[in-house]
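# I'd like to go over a predicted model; first the sequence, then the structure.
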Amino acid sequence: MPYSAHTAGVPAKERLDFWQDVVSTAFVPLEAVFPEKRFEGKLRATTLGSLDVIDVDTTAHAALRTPRLVSAAPSDTLKLGLVVTGRGRLEQSGRQVVVRTGEMAVYDTGRPYALGFDEPTRLVVLMFPRTMLGLSHDHVDRLTGTPIPGDTGIGALVAPFLLRLAGRLDEVEARGGARLAANVVDLISTMLADRLELAPADPDAARRAMLLRITAYMEGHLGDPGLDPARIAAAHHISTRYLHKLFSGEGTTVAAWIRERRLERCVRDLRDPLLAGRPVSAIGAHWGFPDASHFSRLFKAAYGLSPRDYRNGVGSA
């Protein structure tokens, strides 16, 4: 079911904290800044396999991914933002760019960034693991903080598609989410590769395509405690040795990738007010951690707090 939130009915003095919780739940932990008290915002989001689709419509404000937040809640996901109406300022990688209506921009949640909106703006954002993109860190770094036109080239195909996708969040079937996510990110990867002017005959294309299919499969089975390298390799008709080689080339391991994505999903559920009544152990079990003690140890090693303390905000001040 899509997640939605609206400031309507929230007292003005409570809107900053409310909206900060909303965007931190939908994206990654962020700091919200309002230039005026009469802020209004609404957000709709849904998860399709490994892909989060978020539709945000707000008045003027800023969203900051500060160094402190990056350190406290590390992330290896990327965002692609499409400005539907209005415009925004993006600062990352030492670059500052104005993203206007119809344009897109890529930004990295693993590093600090700032998004500022001086006027009412609607933004459609896709968020997905960096490993799904099939582009190197250097290539992605070259693209962050630069505008991508939505009316020329492959961007003219991507922008309208993203807008339609955001308008049909309630209609997308959960069963096809992982496959749809893989197709969407593949389309984005093609657009970004074109922006980088990579050769179509890139010899690494087959490896990237295989990695894309594998990560989409893994995202769709995160809640299965039996998800392991042997099963993943068998499902894709490759050897476990080649599977490990694919992830080694991305600077990680199969086990680490699964663990990190499961923990990220647990973090999201722990921050979701609609799931406040669900036991911590049930959240862990839902995302592939059936042993509550093991889940607690892994979570604390990753975030410095037990899942229960994280949910209660212990140490966040």
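Structure's in. What do you need? Numbers count the residues shown, from 1 in each chain.
# what sits against the most centrally placed residue in the chain?
Residue closest to the mean C-alpha point of the chain, counted by CA atoms, centre = their mean, is Met127 at 2.9 Å. Residues in contact with Met127 (CB atoms under 8 Å, 6 or more residues apart in numbering) are 27, 51-52, 54, 77-79, 109. C-betas here are computed from N, CA, C, even on glycine.
# among the residues you listed, which has the minimum pLDDT value?
For those, the least confident position by pLDDT is Leu51, scoring 88.
# so how far is the helix or strand of the chain at the bottom of the mean pLDDT ranking off the chain centroid?
Counting by mean pLDDT, DSSP states H and E, the chain has its least confident helix or strand at helix 205-220, which shows a mean of 78. The chain centre lies 17 Å from the centre of helix 205-220; the measure is CA atoms, centre = their mean, to the nearest Å.
# try stretch 85-93
Taking CA atoms, centre = their mean, one finds stretch 85-93 lying 17 Å from the centre of the chain it belongs to.
# which residues sit against it?
Contacts to stretch 85-93, defined as CB under 8 Å, 6+ apart, come from residues 81, 96-101, 105, 107-108, 111-123, 141, 144-145.
# could you give me the buried positions within that stretch?
By neighbour count, with 16 or more other CB atoms under 10 Å as the criterion, the buried positions of stretch 85-93 are 86-88, 90-93.
# how about a markdown table for those residues, with pLDDT and distance to Pro11 added?
Putting the buried residues of stretch 85-93 into a markdown table (pLDDT from 0 to 100; distance: CB to CB, whole Å) gives the following:
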| residue | pLDDT | distance to Pro11 |
| --- | --- | --- |
| Gly86 | 96 | 26 |
| Arg87 | 94 | 29 |
| Gly88 | 94 | 27 |
| Leu90 | 95 | 31 |
| Glu91 | 94 | 31 |
| Gln92 | 91 | 33 |
| Ser93 | 82 | 38 |
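# including secondary structure and distance to Thr152, could the residues you listed go into TSV?
Formatted as TSV, the buried residues of stretch 85-93 follow (DSSP: H, G, I helix; E, B strand; the rest coil; distance: CB to CB, whole Å):
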residue	secondary structure	distance to Thr152
Gly86	coil	21
Arg87	strand	18
Gly88	strand	20
Leu90	strand	20
Glu91	strand	25
Gln92	strand	23
Ser93	coil	23
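# for those residues, which two are the farthest from each other?
Gly86 and Ser93 (23.0 Å; CB to CB).
# contacting residues around Ala72?
Applying CB under 8 Å, 6+ apart, one finds that Ala72 lies in contact with 29, 303-304.
# do the same with Arg308
280, 296.
# and it, how far is that from Arg95?
Note on Arg308: its distance to Arg95, by CB to CB, to the nearest Å, is 40 Å.
# shaky segments in this protein?
For the chain, the stretches flagged by pLDDT under 70 are 1, 36-37, 172-178, 198-206, 314-317.
# ok, which stretches of it are strands?
For the chain, strands defined by DSSP state E occupy the ranges 3-6, 31-33, 41-48, 51-58, 61-65, 77-85, 87-92, 95-100, 104-108, 113-117, 121-129.
# what's Asp141 in contact with, if anything?
Applying CB under 8 Å, 6+ apart, the residues near Asp141 are 93, 108.
# kindly report the same for Gly249.
Residues counted as contacts of Gly249 (CB under 8 Å, 6+ apart) are Arg207.
# wait, what's in contact with Leu135?
With contact set as CB under 8 Å, 6+ apart, Leu135 has these partners: 189, 192-193, 196, 208.
# next one: it from Thr121, what distance?
Noted for Leu135: a distance of 27 Å to Thr121, by CB to CB.
# check Cys266 too.
In this structure, Cys266 and Thr121 are separated by 31 Å, where distance is defined by CB to CB.
# show me which of the two is the more surrounded one.
Shown here are Cys266 and Thr121; by other CB atoms under 10 Å, Cys266 has more neighbours (25 against 22).
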